[in-house]
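Asks: got a predicted structure here, sequence first:
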Amino acid sequence: VGSGYGGAGTVSDAATGLVWQQTGSADNYPWSATAAVGSAQAYCGTLALGNLATGWRLPTQRELFSLVDRTAASPAIFATAFSSAGLYGFWSATPVVSGSNVRYVNFVDGDTSDVAASTPLQVRCVHD
């Protein structure tokens, strides 16, 4: 994980080929299966960062969980590459199979859980 072709404000992951938003969203957003205006998906869909003006999306739970540093806690994220501001809950694009809950990752302790889609959480977008 390090700086790369995404440009300023991004982090490239050589292992996955993904480019990440270095700093999570300043605001919290609800999750929306339809990418409704004001949702986490809409935030990523309109993000223009570094050299990448389009193509940002909400990461899957597995993709987001790949940022967890299991050797660290509070923050449990690769702190040399990512901002440790506001680490509690970050949306994934992975809905829970039954019910209206969606998976999120907590970078304070590296845990993953689910919560109601209407709950406002932070967003860290990814680009393929």
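Replies: Thanks, I have the structure now. Numbering: from 1, shown residues only.
Asks: shaky segments in this protein?
Replies: The chain contains residues with pLDDT under 70 at 1-5, 84-85.
Asks: can you pull out the helices in it?
Replies: Using DSSP state H, the helices of the chain run over 40-45, 61-65.
Asks: could the ones you listed go into JSON lines alongside distance to residue 114?
Replies: Glycine gets a C-beta too; all of them are placed from N, C-alpha and C. Formatted as JSON lines, the helices of the chain follow (distance: least, C-beta to C-beta, whole Å):
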{"stretch": "helix 40-45", "distance to residue 114": "14"}
{"stretch": "helix 61-65", "distance to residue 114": "9"}
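Asks: could I get the ones you listed as JSON lines with distance to residue 123 and mean neighbour count?
Replies: Formatted as JSON lines, the helices of the chain follow (distance: least, C-beta to C-beta, whole Å; neighbours: other C-beta atoms under 10 Å):
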{"stretch": "helix 40-45", "distance to residue 123": "5", "mean neighbour count": "22"}
{"stretch": "helix 61-65", "distance to residue 123": "10", "mean neighbour count": "18"}
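Asks: out of those helices, flag the one nearest residue 16.
Replies: Among the helices of the chain, the nearest to residue 16 by C-beta to C-beta is helix 61-65 (7.2 Å).
Asks: by contact count, what packs against that closest one?
Replies: When contacts are defined as 3 or more C-beta pairs under 8 Å, 6 or more residues apart in numbering; DSSP states H and E, helix 61-65 packs onto strand 90-95, strand 101-106.
Asks: try 10 Å this time
Replies: On a contact count with 3 or more C-beta pairs under 10 Å, 6 or more residues apart in numbering; DSSP states H and E, helix 61-65 meets strand 18-21, strand 90-95, strand 101-106, strand 111-116.
Asks: gap between that helix and the chain center?
Replies: Here helix 61-65 is found 8 Å from its chain centre; the criterion is C-alpha atoms, centre = their mean, to the nearest Å.
Asks: then that helix to CSV, C-alphas only?
Replies: The C-alpha atoms that make up helix 61-65 are tabulated as CSV, following Å, rounded to 0.1, in the frame of the first residue of the first chain:
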residue,chain,number,x,y,z
GLN,A,61,-16.7,-5.7,2.6
ARG,A,62,-13.8,-7.9,1.6
GLU,A,63,-12.1,-4.9,-0.2
LEU,A,64,-12.6,-2.6,2.8
PHE,A,65,-11.4,-5.3,5.2
